[in-house]
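Novice: predicted coordinates and the sequence they were generated for:
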Amino acid sequence: MSDEKFFFPSKEVIEKATVKEYDKLYKYSIEHREDFWAEQASQLSWYKKWDRVLDKSNPPFYKWFTGGKTNIILNAIDRHLLSPLRNKLAIIWEGERGEVRTFSYYSLNREVCEFANILKSMGVEKGDVVTIYMPQIPEQLFAMLACAKIGAVHSVVYGGFSSAALADRINDANSRVVVTADGGFRRGKVVELKSVVNKAMELSPTMEICITVKHTGTEVYMENGRDYWFHDLKALPIAGQKCETAEMDANDMLFLLYTSGSTGKPKALVHTHGGYSVYISATHKMVMDIKPEDRYWCAADPGWITGHSYIVYGPLINGATIVMYEGAPNHPYPDRWWRMIQKYGVNILYTSPTAIRGLMRYGDSWTKKHDLSSLRLLGSVGEPINPEAWRWYHHVIGQDKCPIMDTWWQTETGGFMITPLPITPLKPGSATRPFFGNEMAVVDDNGKEAGICEEGNLVIKSPWPGMAAGIYGDPDRFVETYWKKYEKQGWYLTGDAAKKDEDGYYWIIGRTDDVIKVSGYRLGTAEIESAMITHPAIVESAAIAIPHAIKGNAIHIYAILRNDYKPSHELEMELINHVVHQMGPIARPEEVKFVDLLPKTRSGKIMRRLLKARIMGLPEGDLSTLEE
Ligand code: WTA
């Protein structure tokens, strides 16, 4: 190992680290995978211990901790109430306008019980799917945790999605109840949420009840018998009753989370109470190195997997104090985050490359105004972090002393898969090595292992407890999407291209499928193209990702117009707004280019790769399948 290429952790970080050595424990975790995970699971509470650690009888539908009885709430809240953690702060929340709300584990439990009683009074039962469409306010967490507590399944839909996208997700899950708020604050403006829900409800035959939290004070339309204010329900005696946590099978559903794939139809990954709890709490403890005295801030949105695993469940199971912020990082000034780090004494900050690049562009004067010395550890997720952003994050935010945990994982994996530990020597831009228990590889289309620094498909060779149990209501699609390509070997296809270097470090290159990462958010080209085609001017279109300095990627669309439409700047703007209206602001295309033809393979598939190569002036690669 040549030393110049590594950033070594400081003595202080090593002394504090939960895990002091990687190689030996990694070897043990691979050779004794089930023992390793049983040891991790034993650190949690169970109503009844499992009979089997891993049931491999029906791959790829692996089952972990079968026979075990638990509930994620037993570990995230209930057991803490019996310890000194009872009075510790669980949540410090700051609204965009500066108001602060805090909750101890004791008061968190009260809020969750009240919310759970309210859901029960609305007829929500074990196994029912409750849709949550909310701003980043404490009630969003309470709603999620309340569902888990009574054995209902939450489906959180990110508050930036349109009513059509929301309705698709409600309908796919046959959800009867939705929880929302009148609105949220973003850059000083109100983002109306209830009005989006109202439109979605008109498109959803299964939707019966909407519970609305008052947050912005925006006027909203409420329908008798369908709509309820949360505060009215909270005032009812039933809300204050004792609420038992439901005993669940380890493999019972905890939540659905929709994510983009290669077809236009939304797909919901299913995560369960048992294996997921074990995986995310172990990864969070060992990688984020959480200590009882720490204040931990994951600046993601709870509406994404990062929020589910590493704002809500992982940190709460580990008894952490979590910091949450409602609004934009640059409101009212670009130092909002740095101000909050000093104000709350944050020790661990976990965010995305897109946020880092976005704040980096304001220069260092905003960070210098604040004392960031409380920070000990930094994290990154969502897309590859470019070395320039890595160095700024490390030097300016981390004051050269905080290691950066560049965590590679997916909605499907539940938790970190390739990640450093605090003790790991780092290389800027590499997520380093696999987490314990995980065997990964970079392979070619036939499954042959790629050479050193050779690009290939990233696969996972062995099951892990955080893995999704399936796609809700569509087992075939689960097999088809992730397990078909390397069926013979039984490997999981990640959909990412990667390289492995001479030190065994992984370098993620990006998606190989039809998924675009915009500001770390996952969008399917098929979803964007389906939105385009609902506009009367469009015959066909192709969405591609072009590198963007802040967002990582931006969406560019090539579109063929119907004969009676003429290309114009106005039409381009109209189509851009049309996509935003159909999908939500995160899917705003950078440009729409009008063309007469799209390059296609002989089997009729659009060659997005070729479009991208042409726009970027890159080599066009193998064109043997291009239609004449
Ligand atoms: C990408 C987010 C490089 C990757 C947790 C993956 C990353 C997709 C990293 C999953 C990282 C995530 N370095 N790329 N550290 N983390 N990705 O489901 O392409 O929203 O397949 O989960 O994000 O996105 P998802």
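Specialist: Nice, I can see it.

Novice: quick one, what contacts residue 582?
Specialist: 162, 164, 165, 531, 534 (CB atoms under 8 Å, 6 or more residues apart in numbering). (Glycine included, C-beta is placed from N, CA and C.)

Novice: before we move on, which element is it in?
Specialist: helix 569-583 (DSSP states H and E).

Novice: list the buried ones in that helix?
Specialist: 571, 572, 575, 576, 578, 579, 580, 581, 582, 583 (16 or more other CB atoms under 10 Å).

Novice: again with stretch 242-259
Specialist: 243, 245-246, 248-259.

Novice: go on, stretch 585-604?
Specialist: Here stretch 585-604 shows 586, 587, 589, 592, 594, 598, 599, 600 as buried, counting by 16+ other CB under 10 Å.

Novice: beta partners of the fourth one?
Specialist: Spelled out, it's residue 592. With DSSP bridges applied, residue 592 shows beta-bridge pairing to residue 557.

Novice: ok, it touching residue 577?
Specialist: No - Residue 592 lies out of contact with residue 577 (CB atoms under 8 Å); the separation is 10.6 Å.

Novice: related to what we said a few turns ago, which two of the buried residues of helix 569-583 lie the greatest distance from each other?
Specialist: Across the buried residues of helix 569-583, no pair lies farther apart than 571 and 583, at 18.6 Å, counting by CB to CB.

Novice: would you mind measuring from residue 303 to the ligand?
Specialist: According to CB to the nearest ligand atom, to the nearest Å, residue 303 and the ligand sit 11 Å apart.

Novice: ok, now which ones touch the closest residue to the ligand within the stretch 1-150 of the chain?
Specialist: Residue nearest to the ligand within the stretch 1-150 of the chain: residue 7 (16.2 Å; CB to the nearest ligand atom). Neighbouring residues of residue 7 by CB under 8 Å, 6+ apart: 394, 403, 425, 426, 427, 428.

Novice: nearest residue to the first one other than its sequence neighbours?
Specialist: Spatially, and ignoring its direct neighbours in sequence, residue 394 is nearest to residue 404 (5.8 Å; CB to CB, 6 or more residues apart in numbering).

Novice: give me the neighbour count for that neighbour.
Specialist: 23 (other CB atoms under 10 Å).

Novice: contacting residues for it?
Specialist: 378, 379, 380, 385, 390, 393, 394, 398, 420, 426, 428.

Novice: nearest to the ligand: which residue in the stretch 351-500 of the chain?
Specialist: For the stretch 351-500 of the chain, CB to the nearest ligand atom, closest residue to the ligand: residue 411, 3.4 Å.

Novice: so that residue sits right up against residue 260, yeah?
Specialist: No - counting by CB under 8 Å, residue 411 does not reach residue 260; the two are 9.3 Å apart.

Novice: and for the two, which residues touch both?
Specialist: Listed as contacting both residue 411 and residue 260 by CB under 8 Å, 6+ apart are residue 522.

Novice: more neighbours, those two?
Specialist: residue 260 (23 against 20).

Novice: look at the nearest residue in space to the more buried one that is not next to it in sequence and report its pLDDT.
Specialist: Spatial nearest neighbour of residue 260, excluding adjacent residues (CB to CB, 6+ apart): residue 524 at 3.6 Å. Residue 524 is assigned a pLDDT of 89 by the prediction.
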